[in-house]
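J.: Starting from these lines, generate the structure:
(chains A and B)
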Protein chains: 2
Amino acid sequence: MLRTQLCAEVGVEHIQKKVELCGWCNNYRDHGGVVFIDLRDKSGLVQLVCDPSSPAYEQASLVRHEDVLVIEGVVRPRGEGLENPKLKTGKIEVVLESLRLENKSLTPPIAIGDPSVNEDLRLQYRFLDLRAPRAYEIFRMRSKVAKAVRDCLDRLDFLEIETPMLSKTTPEGARDFLIPSRVHDGAFFALPQSPQLFKQILMVAGMDRYYQIAKCFRDEDLRADRQPEFTQIDVEMSFCTQEDVIGVAETLLKEVFANVGIEVKPPFKRLDYHEAMETYGSDKPDLRFGLPLVEVGDLFLDSSNEIFKTIASDPKTNRFKALKVPGGDGLLTRKDLGQAEEFVRQFGAKGLAYIQIKPEGAKGPLVKFMPPHSLQTLLDRLQAKNGDIIFFGAGEKKIVLDYMGRLRLKLGGDLNLIDLDAFNLLWVVDFPMFERNEGKLSAAHHPFSLPKDIDNPNPEEVQSVAYDIVLNGVELGGGSMRIHKEEIQKKVFEILGIGAQEAQEKFGFLLDALRYGAPPHGGFAIGFDRLIMLLAKVPSIRDVIAFPKTQKATCLLSQAPSPASEEQLRELHIRLRNPKKT
Amino acid sequence: MLRTQLCAEVGVEHIQKKVELCGWCNNYRDHGGVVFIDLRDKSGLVQLVCDPSSPAYEQASLVRHEDVLVIEGVVRPRGEGLENPKLKTGKIEVVLESLRLENKSLTPPIAIGDPSVNEDLRLQYRFLDLRAPRAYEIFRMRSKVAKAVRDCLDRLDFLEIETPMLSKTTPEGARDFLIPSRVHDGAFFALPQSPQLFKQILMVAGMDRYYQIAKCFRDEDLRADRQPEFTQIDVEMSFCTQEDVIGVAETLLKEVFANVGIEVKPPFKRLDYHEAMETYGSDKPDLRFGLPLVEVGDLFLDSSNEIFKTIASDPKTNRFKALKVPGGDGLLTRKDLGQAEEFVRQFGAKGLAYIQIKPEGAKGPLVKFMPPHSLQTLLDRLQAKNGDIIFFGAGEKKIVLDYMGRLRLKLGGDLNLIDLDAFNLLWVVDFPMFERNEGKLSAAHHPFSLPKDIDNPNPEEVQSVAYDIVLNGVELGGGSMRIHKEEIQKKVFEILGIGAQEAQEKFGFLLDALRYGAPPHGGFAIGFDRLIMLLAKVPSIRDVIAFPKTQKATCLLSQAPSPASEEQLRELHIRLRNPKKT
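T.: Numbers count the residues shown, from 1 in each chain, chains lettered A, B, ... in the order given. Below is the predicted model:
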């Protein structure tokens, strides 16, 4: 190697010793003719010093930001009072004996490590952007966490098996990336949205325990925490129950968190889907703080307000939820209350009623519609105290749960109720198997999850053996036990309105596999990018991906995507619809 | 779990104990009313036995091949003389107490584990094919080797960093798989042929040591050991020399081989490219046996044969190679000699002269064209003994080296000179930087390899700091030190006839990166599928890939590639050239 050690590995133990170092000029300055250079590599910084008597002086004085240096020097203690306690190498400096300007750099167009730099410019000059010590830390963590995942799953006798990238349209329901086939005119491969079908096939194939840290692809419009290609920890096992799968996931997460110095203790808390929705208005509740939703519809059955009464009288369709903010009356200004109402209106609320608990009693627009005994029952049920505020959401179930859940999150944030150092892991279990959107039934997870009672005449009541893992209110991953019997899979497709022919076309190879002795099996997947984002506490998924795409699905570094040649298109048997545009 | 242990984990220590097992019916038979079932899981087989008095009898008698069973039973020793020493569990059997026919199987269309089954059928029913114990072994090995790679590189402070799959056309020169962009009308992503440019960018970004077990893609016609998607161990490091990179590769290979129980001892033997070509007629010589090529052109300068004389007189253009087969006269029949000549003719030889060393002296068509003193020198140079045969190849250098190298391999195989248990690792170093094909210069490795003397006026004499690792005559991988200075990269492009504009379009981001302080760096890549194929000693790369494509680039399991819908094509701004064909 061109170095005897890394920059930050030089310490007081090397005083009077000769070292050879390599790295980039992080900074340089001239103090009274003496040149100081902070040399940087992945380990950190070390100060080089060179006075005019040194043979390296001429070269040293030419050094500018981001030049690549290969140096020799002798370590000495810094002068009295010149130590830098912020720096690992702050007690020493290296007196230059020779300096080779290995490669000059143009003046960097971005300040390295400055988060205020325009992100597009950072992504264009990603090779400079990633030189920030924080970036190295993040990718080191990512690598170490991936290693911890593999160490754990390998120990638990899972095999890492690669599934194809040149794959077939998968049924996750998002848009596929397609790849025209050169050999087969008119045919296309699809990049996998997940290895779902292949991992199930591996179970049918007797591989027993499979995992992969797998690249997945979805051609969807990008949000802040989405990328067209992303990575997931993908696990599947045979001859097991839900408890076994959850057990593996908990062991895995415990070891991953321990790897970055965080202790989490299995078994993690569990909520069933129904409870999560009713109490937190979310299937991925953030349990780092309270503010549960409480159903109070029964107390409005005899309300003098006809609308409230009507809502309350149909508890199957509607919800009437109260959310108590302890001490909220003192914390929330009139303006805050107005903003809260504006906020929920965005999500379909017609308004946001509230009651303030004053020394003189409950106050607020809702009070007058409640008979005193109902009001008292309400306060008792919520254990409301002087100074509290109670918000109310009433109306169609789905809408109310949604906006009250969002209000809860907003209040938790606004009122600083959230312990930002906490890592709260939660299982949400017993998801519904189907959901109805605009009249049409679809699979809530995917159509391969095992239903608990497929013969229930109301599909919307059918639960699946499916579970999500939630970290601080973010869905980290999830999974399910899968259908391993052909007749159940067929029933599910029937309920979904997928005809036999369509099923055979799309998932024929899975159906075939189920006919030849599929074992009971289940698994889970965890979003790896998102996991690293949460562990590293960075705001964007782009911070944990070496070469991310922008929200316009462009790589600013390589300028991908880019035009193809006419010859390439001809070989692939395709042409452009709008050839002038290229 | 639905089992207390795996099938092959049941042993004499469990006698009289109750076990719960799961698996597939590998075989069943009825001996005088007693049902025997061989239950199989990934660990192996165990024998179940059930007589008519058992409550499980009715179910047991229904069991057929590949049915999925969940059983309970009590372990007992097999009867006197009924032990099966070939089976790990051959001393015991499990007396059934209950049997659940968890999932019936249709009659399997292939015999599992039978290599004589048509491969297309095996690939179509891959979920059955992979149930063969040997398949589990191979994928277990593959997983363990990947783990060993990561353990090693992680310990050596390499970070695993993922590079994009949605990438830009890469310069390896093979055909790209293209992915039409939905967001950018007329633009395409390309699947990476290798992470080459991105890994170099990571070095410029200060990541210092990178690795990845990376998926790579080439849309080329497939040969027996090629797949459109394949996996490589990809490594890059900074501030190093060739010796450091080779050192890392040797450590890595040593640990990988140790992981599968094979000892290999670094430093591995090295040959320079020139010597490999001259002595073995190959840049990936198989050194498990001898039969070196020896230049003897000087001995034909005074030949009475004008053609030989002419060939010999231009040693720059031509070669005159002798290959001695010790004892060959007794080993090779007249027919063999005829076949050898036929063989080399396929590769451009005009014929294959030979000399047989008989007790009465050298014999053969060539003898009469050599003056006696030349013949004697030849025999001395080759240390030829009675009973040997010497083959000769003469003519244009490239052609002679090629067919004589192939003849050497053929003879090594035919004469059983190759130790099939040996793992012979070899570095071939000092590759030429450029090669000329049909008059046009191209990069022998790739245009980013560091040339040793770029200013040599004859580009064909320029060597690069490039190295291949060869295992038993198969190119396992290779690498190079890379160009880290922009001006050298520009010169290389110039020599290759790549203009400034084309270079900027294709590799602009690399050229940009070289301008902003690129460190000295180099690396290597090892074909992972091929490595596993060689370690597992299987004949086809398809045996080490869970879901391989056929040579027609089809997945027979999923029937990919498949047609896309008109709506999908419209969204991607493309149309088919031959719409009727779909």
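J.: A:T377 sits in which helix or strand?
T.: Assigned by DSSP states H and E, A:T377 belongs to helix A:372-382.
J.: Residues contacting that helix from elsewhere in the structure, which ones?
T.: Residues outside helix A:372-382 that contact it (Cβ atoms under 8 Å, 6 or more residues apart in numbering or on different chains): A:294, A:296, A:299-300, A:302-303, A:322, A:324, A:355, A:357, A:362, A:367, A:370, A:384, A:388, A:390. Quick note: C-beta positions are derived from backbone N, CA and C, even for glycine.
J.: for the very next helix or strand once past that helix, which positions count as buried?
T.: Following helix A:372-382 in sequence order, the next helix or strand is strand A:389-396 (DSSP H and E). With burial defined by 16 or more other Cβ atoms under 10 Å in any protein chain shown, the residues of strand A:389-396 counted as buried are A:389-395.
J.: With only the CA atoms kept, save strand A:389-396 in PDB.
T.: What follows is strand A:389-396, C-alpha atoms only, in PDB (Å, rounded to 0.1, in the frame of the first residue of the first chain):
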ATOM      1  CA  ILE A 389     -58.500  19.500  25.400                       C
ATOM      2  CA  ILE A 390     -60.500  16.800  23.600                       C
ATOM      3  CA  PHE A 391     -60.800  16.700  19.800                       C
ATOM      4  CA  PHE A 392     -63.600  15.000  18.000                       C
ATOM      5  CA  GLY A 393     -63.800  13.400  14.600                       C
ATOM      6  CA  ALA A 394     -67.100  12.000  13.400                       C
ATOM      7  CA  GLY A 395     -68.300  10.600  10.100                       C
ATOM      8  CA  GLU A 396     -67.500   7.900   7.700                       C
END
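J.: That strand to helix A:372-382, inter-axis angle?
T.: 110 degrees (axes from the mean of the first three to the mean of the last three Cα atoms, to 10 degrees).
J.: Return the list of helices and strands in contact with strand A:389-396.
T.: Packing contacts for strand A:389-396, counted by 3 or more Cβ pairs under 8 Å, 6 or more residues apart in numbering or on different chains; DSSP states H and E, involve helix A:306-312, strand A:318-325, strand A:353-358, helix A:397-414.
J.: The ones you listed: which one's closest to A:I138?
T.: helix A:397-414 (24.4 Å; Cβ to Cβ).
J.: and among the helices and strands packed on strand A:389-396, the most buried is which?
T.: Highest mean neighbour count of these: strand A:318-325, a mean of 23 (counted as mean count of other Cβ atoms under 10 Å in any protein chain shown).
J.: Could you chop chain A up by domain?
T.: A:7-103, A:135-271+A:426-566, A:289-417 (the TED database).
J.: Which parts of the stretch 201-350 of chain A are strands?
T.: In the stretch 201-350 of chain A, strands defined by DSSP state E, counting those that start in this stretch lie at A:209-217, A:229-238, A:269-272, A:293-295, A:318-325, listed in chain order.
J.: Measure how the first one sits relative to strand A:229-238, angle-wise.
T.: Angle between the axes of strand A:209-217 and strand A:229-238 is 160 degrees (criterion: the same axes, to 10 degrees).
J.: which stretch among the helices and strands packed on strand A:389-396 comes nearest A:R288?
T.: helix A:397-414 (7.6 Å).
J.: any idea of the mean pLDDT in the closest one?
T.: Helix A:397-414 carries an average pLDDT of 97.
J.: Give me the angle between that helix and strand A:389-396.
T.: Using the same axes, to 10 degrees: helix A:397-414 against strand A:389-396 is 150 degrees.
J.: immediately after helix A:397-414, which helix or strand?
T.: Assigned by DSSP H and E, the successor of helix A:397-414 is strand A:425-429.
J.: Which elements pack onto that following strand?
T.: Packed next to strand A:425-429, using 3+ Cβ pairs under 8 Å, 6+ apart, are helix A:242-259, strand A:269-272, helix A:273-280, strand A:466-471.
J.: Can you list the strands that that strand pairs with?
T.: Strand pairing for strand A:425-429, determined by DSSP bridges: strand A:269-272 (parallel), strand A:466-471 (antiparallel).
J.: what sits against the residue in the stretch 401-550 of chain A positioned nearest to chain B?
T.: Residue nearest to chain B within the stretch 401-550 of chain A: A:G517 (3.6 Å; Cβ to the nearest Cβ). Shown in contact with A:G517 (Cβ under 8 Å, 6+ apart): A:204, B:24, B:66-68, B:103-105.
J.: how does it look with 10 Å?
T.: By Cβ atoms under 10 Å, 6 or more residues apart in numbering or on different chains, the residues touching A:G517 are A:204, A:206, A:484, B:23-25, B:64-69, B:102-106, B:108, B:127-128, B:131.
J.: what's the closest non-adjacent residue to it?
T.: B:S105 (3.6 Å; Cβ to Cβ, 6 or more residues apart in numbering or on different chains).
J.: Which stretches in the stretch 1-150 of chain A count as helices?
T.: Assigned by DSSP state H, counting those that start in this stretch, the helices in the stretch 1-150 of chain A fall at A:57-60, A:119-124, A:126-129, A:133-155.
J.: so which of those helices is the most packed in?
T.: helix A:126-129 (a mean of 24).
J.: ok, and which of the domains of chain A has the densest surroundings?
T.: When those are compared using mean count of other Cβ under 10 Å, domain A:135-271+A:426-566 is most buried, at a mean of 20.
J.: for it, how far is the first residue from the last?
T.: 40 Å (Cα to Cα, to the nearest Å).
J.: from the chain's centre, how far out does the top strand by length along chain A sit?
T.: In chain A, assigned by DSSP state E, the strand with the most residues is strand A:18-31. Centre-to-centre, strand A:18-31 and its host chain are 38 Å apart (Cα atoms, centre = their mean, to the nearest Å).
J.: ok, that strand: who's next to it in the sheet?
T.: Short version: by DSSP bridges, strand A:18-31 pairs with strand A:34-41 (antiparallel), strand A:68-77 (antiparallel).
J.: Tell me what angle it forms with helix A:133-155.
T.: 150 degrees.
J.: can you give me the mean pLDDT across strand A:18-31?
T.: Mean predicted confidence for strand A:18-31 is 97.
J.: do stretch A:237-244 as well
T.: In this model, stretch A:237-244 has an average pLDDT of 98.
J.: Are that stretch and chain B in contact anywhere?
T.: Yes: if you take Cβ under 10 Å from any Cβ of the partner chain as the test, stretch A:237-244 does meet chain B, through A:237-241, A:243-244.
J.: Stretch A:109-127 too?
T.: Yes: applying Cβ under 10 Å from any Cβ, one finds that stretch A:109-127 is in contact with chain B at A:109, A:112, A:124-127.
J.: Alpha carbons of that stretch, as PDB, please.
T.: Written as PDB, here are the backbone C-alpha positions of stretch A:109-127 (Å, rounded to 0.1, in the frame of the first residue of the first chain):
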ATOM      1  CA  PRO A 109     -18.000  23.100  -7.400                       C
ATOM      2  CA  ILE A 110     -19.600  22.100  -4.100                       C
ATOM      3  CA  ALA A 111     -18.500  22.400  -0.500                       C
ATOM      4  CA  ILE A 112     -18.000  18.900   0.700                       C
ATOM      5  CA  GLY A 113     -20.200  17.900   3.600                       C
ATOM      6  CA  ASP A 114     -22.300  21.000   3.400                       C
ATOM      7  CA  PRO A 115     -25.900  19.900   3.600                       C
ATOM      8  CA  SER A 116     -27.100  23.300   2.400                       C
ATOM      9  CA  VAL A 117     -25.700  22.700  -1.100                       C
ATOM     10  CA  ASN A 118     -28.400  22.200  -3.700                       C
ATOM     11  CA  GLU A 119     -29.100  18.500  -3.800                       C
ATOM     12  CA  ASP A 120     -29.100  18.300  -7.600                       C
ATOM     13  CA  LEU A 121     -25.600  19.600  -7.700                       C
ATOM     14  CA  ARG A 122     -24.600  17.200  -4.900                       C
ATOM     15  CA  LEU A 123     -25.900  14.300  -7.000                       C
ATOM     16  CA  GLN A 124     -24.200  15.500 -10.200                       C
ATOM     17  CA  TYR A 125     -20.900  15.700  -8.300                       C
ATOM     18  CA  ARG A 126     -21.700  12.600  -6.200                       C
ATOM     19  CA  PHE A 127     -17.900  11.700  -6.200                       C
END
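J.: All set, thanks.
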